[in-house]
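> predicted coordinates and the sequence they were generated for:
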Amino acid sequence: MKIYEEIISAGFGGQGVLLAGTLIAQSALEQNLKTTWFPSYGAEMRGGTANSTVIVSNEEIGSPVAFAPSALIALNKPSLDKFLPRMKEDAVVIANSSLIPQEEYNDKRIVFISIMEIADKQVGNIKAANMVAVGALVKRIQAPSLEHVLKGLETAFAAKPKLIPLNIKAVNAGYNWTK
Amino acid sequence: MLSNVSGHLHRSVQVENKMVKKLVKGNVALCEGAIAAGLDAYFGYPITPQNEVPAYMSKRMVEMKKVFIQAESELAAANMVLGACATGKRAMTSSSSPGISLKQEAISYMAGMEVPGVIVNVQRGGPGLGNIAGSQADYFQAVKGGGHGDYRLIVYAPANGQEMYDLAYNAFDVAQKYRNPVMLLCDGIVGQMMEPVDFNKEQKTKFEDRDWILDGCKGREPRSLKSLLMQDGVLEQHNLDLLKKYQMIQDKEVKAELYQVEDAEVIIVAYGISSRISKNAIKQAREKGIKAGLIRPVTLWPFPSDIIASYAKPGVKFFSVEFSLGQMVEDVKLAVNGKCPVDFLGRAGGGIVSDKQVLDKIEELAKK
Amino acid sequence: MEKILSRPKALKDFPLSYCPGCGHGIVHRLVAQAIDDLGIRERTIAVAPVGCAVFAYNYFNFDTTEAPHGRPPAVATGIKRTNPDKIVFTYQGDGDLAAIGTAETIHCANRGENITVIFINNANYGMTGGQMAPTTLLGQVTETTPFGRDPQREGYPINVCELLAGLKGTKYIERVSVCDAPHVIQAGKAIKKLFKIKLKEKVILSLK
């Protein structure tokens, strides 16, 4: 079966959206899939919003730029507003209800999760919100799998192994979240 | 969780297990390719979207006790490359479009003096200061001169992280083989994107003796490297000698990827990032039963004119896809030489051509 | 008869192209003599400028390279950093060093590159026919200052030695002249001194 996901991870600079994207790409690599990661860069990163696009597939990847993304992590409102109109019809959208007012949206694709509360209360570090979002996302898309995300974490944090348990906890918290 | 963790991770890739693919930015892959090729010195200057290159080199080169200098300008950086390469050392500079304009001075001198420097252009939008988005608007500058005088640069156009590594690795050998400067013409997207890269090359440490380098005249006659040839007819003879070299390069160094081109009725010519987007569209066209294919020049000079010409048969339609308003398309037309129609699809100023637009163009031409 | 003075080995037997009265020939000889005296000819690499002295590579009997106008300090940096065992010097005029190559000069000095710069200041662009240089004196008539250099119009001459002396990376600067025999002797001593020092450190010599 063809695996093909175009995943956008977006939010304020400092929320870790680029790292969330690299983790997904690293996890895809651990799963022996093809992957590309492409960031917003330069002037865009000085304040304001940041985003990265990850493509995961079992076939050769053409464009690293997504024209009809199949998945979105939106950690803030500007990101949700920017990317929602270009998402595929059956896209998976994880939105951070800790910062985004749910009542303003009427779109069945959006899964609102209070990501920052979960990071703060269940995981014990609000900075791990991006990892909570990754956990919630991978449960709802073709690939990468949770197993490979946890492997990917170890590679991604090889230089700072102390951070691994916290991030594993965060990914699991997101994965296990239910309404 | 902390965004700077990712920067640290991907800047400090160690090539421990050569079989394991590492997820790195294209800009980092090209650094590792150059290092594996035996890079002695890197000279740079900050400009987006190539900043990963000087940042990475400032760490790796110093750790390896090699030379890294952040120069006072792109002019100086390129001339430092000229100096280092004049002594037979392997040296590289990198920049993005506006900075490459400044390097043209040294590039022309290196071409005239036959000094094999390596120059990387991670293209951004122009003209002028333009913007920092990925672009392919420096094609003319790279392959049609850029600097002054009758000369040619060997120009490689990597389309992915692995090629950033592989072509950077090869660039130094090719440059030294022909005593000619080589450019890697990349773009902001290929430079900034991360892909798994197999760091599979052996570290080069030994290089053949060369009878032209400046290394002190111990036990031999002094040597002089110059491009100023004022006596009657001497410069013309030098130009003709260079031409012979360029013809040899054209005979031997053309590289291109052919994709689904054998039975194709619509053939796209695209390089770098636009070739990848074109491949997506070709797959979609094939699913619809349209015979589309791709010729992807890996060397922009020497240009794969003969390969393109060999597919210019009756009934075939060509078009180039470029992130510019149409530059390479002129060389495609020269190669096709009137045998088939040649069209163009592109966007400028950092705009990205979508696979949908390419597919529409394929369908439009297939119907004609 | 005993021969007591001959052409230094570091100078080729090749007719100089310089104009009558020009100091380049004298300085070439002094540089070559110093290199002979110190026994460093076979480890020396020189960088020629754009200007009259571009032809220096025809006269010096050791490895030489050309550089684009004003860029000799950058080219020399590339050579010296990758070949720390070599003796590297640039030979530049006032237009090359103090106009088009000002940035390269200052930053090379400021980095403390271990090279020598022989700076020949004749207060005009000689090769192109005598235009105003950054060091042209006030009131001096040149091809492009037919009414004399006017500070209101052309600014003041740059004092290169003073400018570079203010940088911490500069090791040694001496301003000398080759206008008459005593000054030539003094200049010869200065050049030898700086090549001696330069075996360790960065120096700049200015000649008028």
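Noted; the coordinates are in hand. Numbering: from 1, shown residues only, chains lettered A, B, ... in the order given.

> residue ranges with poor pLDDT in the chain?
I'll assume chain A. Where chain A drops to pLDDT under 70, the residues are A:41-48.

> meant chain B, my bad for not saying
Applying pLDDT under 70 to chain B flags the ranges B:1-19.

> domain map for it?
B:15-198, B:257-367 (automatic domain parsing).

> and of these, who's closest to A:Gly62?
Among these, the nearest to A:Gly62 by C-beta to C-beta is domain B:257-367 (3.5 Å). Any C-beta I mention is one placed from the backbone N, CA and C, and that applies to glycine too.

> how long is that closest one end to end?
26 Å (C-alpha to C-alpha, to the nearest Å).

> need the contact list for the residue of chain B found nearest chain A.
In chain B, the residue that lies nearest chain A is B:Asn280 (3.5 Å; C-beta to the nearest C-beta). By C-beta atoms under 8 Å, 6 or more residues apart in numbering or on different chains, B:Asn280 lies in contact with A:62-63, B:355, B:358.

> what helices and strands are in contact with the lengthiest helix in chain A?
When chain A is parsed with DSSP state H, its longest helix is helix A:17-30. The contact analysis (3 or more C-beta pairs under 8 Å, 6 or more residues apart in numbering or on different chains; DSSP states H and E) places helix A:17-30 against strand A:4-12, strand A:34-39, strand A:49-57, helix A:129-138, helix A:146-156, helix B:3-11, strand B:21-25, strand B:194-198.

> picking that back up, so the residue of chain B closest to chain A is in which element?
Following DSSP states H and E, one finds B:Asn280 within helix B:272-287.

> C-terminal to that helix, what's the next element?
strand B:292-297.

> relative orientation of that next one and helix B:272-287 in degrees?
For strand B:292-297 against helix B:272-287, the angle by axes from the mean of the first three to the mean of the last three C-alpha atoms, to 10 degrees is 160 degrees.

> which residues touch the residue of chain C found nearest chain A?
Nearest residue of chain C to chain A, counting by C-beta to the nearest C-beta: C:Ala103, 25.2 Å away. The neighbours of C:Ala103, taking C-beta under 8 Å, 6+ apart as the test, are B:72-73, B:75-76.

> which of the domains of chain B sits closest to A:Thr155?
Nearest of the domains of chain B (C-beta to C-beta): domain B:15-198, 8.3 Å.

> wouldn't C:Ile35 be in contact with C:Phe62 here?
Yes. Judged on C-beta atoms under 8 Å, C:Ile35 makes contact with C:Phe62 at a distance of 7.1 Å.

> gap between B:Lys103 and B:Phe323?
Computed as C-beta to C-beta, to the nearest Å, the B:Lys103 to B:Phe323 distance reads 21 Å.

> same question but for B:Leu214, I mixed them up
Separation of B:Leu214 from B:Phe323 (C-beta to C-beta) stands at 40 Å.

> for chain C, what's the longest strand?
Once chain C is assigned using DSSP state E, the strand that runs over the most residues is strand C:87-93.

> give me the mean pLDDT for the very next helix or strand once past that strand.
Scanning forward in sequence from strand C:87-93 by DSSP H and E, the next helix or strand is helix C:94-95. For helix C:94-95, mean pLDDT rounds to 95.

> helix C:94-95 near chain B at all?
No. On the criterion C-beta under 8 Å from any C-beta of the partner chain, helix C:94-95 is out of touch with chain B, staying 15.8 Å away.

> which elements pack onto that helix?
Counting by 3+ C-beta pairs under 8 Å, 6+ apart, helix C:94-95 packs on strand C:124-125.

> so which elements touch the strand it packs on?
By 3+ C-beta pairs under 8 Å, 6+ apart, strand C:124-125 packs against helix C:94-95, strand C:131-132.

> partners of the last one, with directions?
To tie it back to what came earlier, the one meant is strand C:131-132. With DSSP bridges as the test, strand C:131-132 is paired with strand C:124-125 (antiparallel).

> starting at the chain centroid, how far to the strand it pairs with?
Mean-position distance between strand C:124-125 and its chain equals 14 Å (C-alpha atoms, centre = their mean, to the nearest Å).

> same deal with stretch B:186-200?
Worked out by C-alpha atoms, centre = their mean, stretch B:186-200 lies 13 Å from the chain centre.

> list the contacts of whichever residue of chain A sits closest to chain B.
Nearest residue of chain A to chain B: A:Gly62, at 3.5 Å (C-beta to the nearest C-beta). By C-beta under 8 Å, 6+ apart, A:Gly62 lies in contact with B:276-280, B:283, B:355.

> grab the nearest non-local neighbour of it.
Spatial nearest neighbour of A:Gly62, chain neighbours left out: B:Asn280 (3.5 Å); criterion: C-beta to C-beta, 6 or more residues apart in numbering or on different chains.

> list the contacts for residue 143?
Using chain A here. A:3, A:5, A:28, A:31, A:33, A:56, A:58.

> right idea, wrong chain: chain C
Per C-beta under 8 Å, 6+ apart, neighbours of C:Glu143: C:129-132.

> assign a three-state SS to the most far-flung residue of chain C relative to its centre, would you?
Using C-alpha atoms, centre = their mean, the residue of chain C lying farthest from its centre is C:Met1. It sits 36.3 Å away. Secondary structure assignment for C:Met1 (DSSP: H, G, I helix; E, B strand; the rest coil): coil.

> tell me which element residue 168 is part of?
Using chain A. Applying DSSP H and E, one finds A:Ile168 within helix A:164-175.

> wrong one, chain B
helix B:161-178.

> ok now that helix, how far from the chain's centre?
Put simply, helix B:161-178 sits 9 Å off its chain's centre (C-alpha atoms, centre = their mean).

> check contacts around the residue of chain C found nearest chain B.
For chain C, the residue closest to chain B is C:Gly78, as judged by C-beta to the nearest C-beta, at 2.7 Å. For C:Gly78, the contacting residues are B:41, B:43, B:79-86, B:91, by C-beta under 8 Å, 6+ apart.

> one more time with 7 Å, if that's ok
By C-beta atoms under 7 Å, 6 or more residues apart in numbering or on different chains, C:Gly78 lies in contact with B:41, B:43, B:79-84, B:91.

> ok, C:Asn58 next?
C:Asn58 is in contact with C:Phe14, counting by C-beta under 7 Å, 6+ apart.

> doesn't it belong to a helix?
Yes. Counting by three-state DSSP, C:Asn58 is found in a helix.

> how about B:Val155, secondary structure?
From three-state DSSP, the assignment for B:Val155 is strand.

> kindly provide the distance from it to B:Pro297.
Counting by C-beta to C-beta, the gap from B:Val155 to B:Pro297 is 9 Å.

> between these two, which has more neighbouring residues?
B:Pro297 (29 against 26; other C-beta atoms under 10 Å in any protein chain shown).

> return the most buried member of the helices and strands packed on strand C:124-125.
helix C:94-95 (a mean of 26; mean count of other C-beta atoms under 10 Å in any protein chain shown).

> got a list of contacts for that helix?
Contacting residues not belonging to helix C:94-95 are listed as C:51, C:121-123, C:125, C:133-135 [C-beta under 7 Å, 6+ apart].

> could you dump the residues you listed to TSV with distance to C:Leu11?
What follows is the contacts of helix C:94-95, written out as TSV (distance: C-beta to C-beta, whole Å):
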residue	distance to C:Leu11
C:Gly51	19
C:Asn121	22
C:Asn122	21
C:Ala123	26
C:Tyr125	25
C:Ala133	27
C:Pro134	29
C:Thr135	27
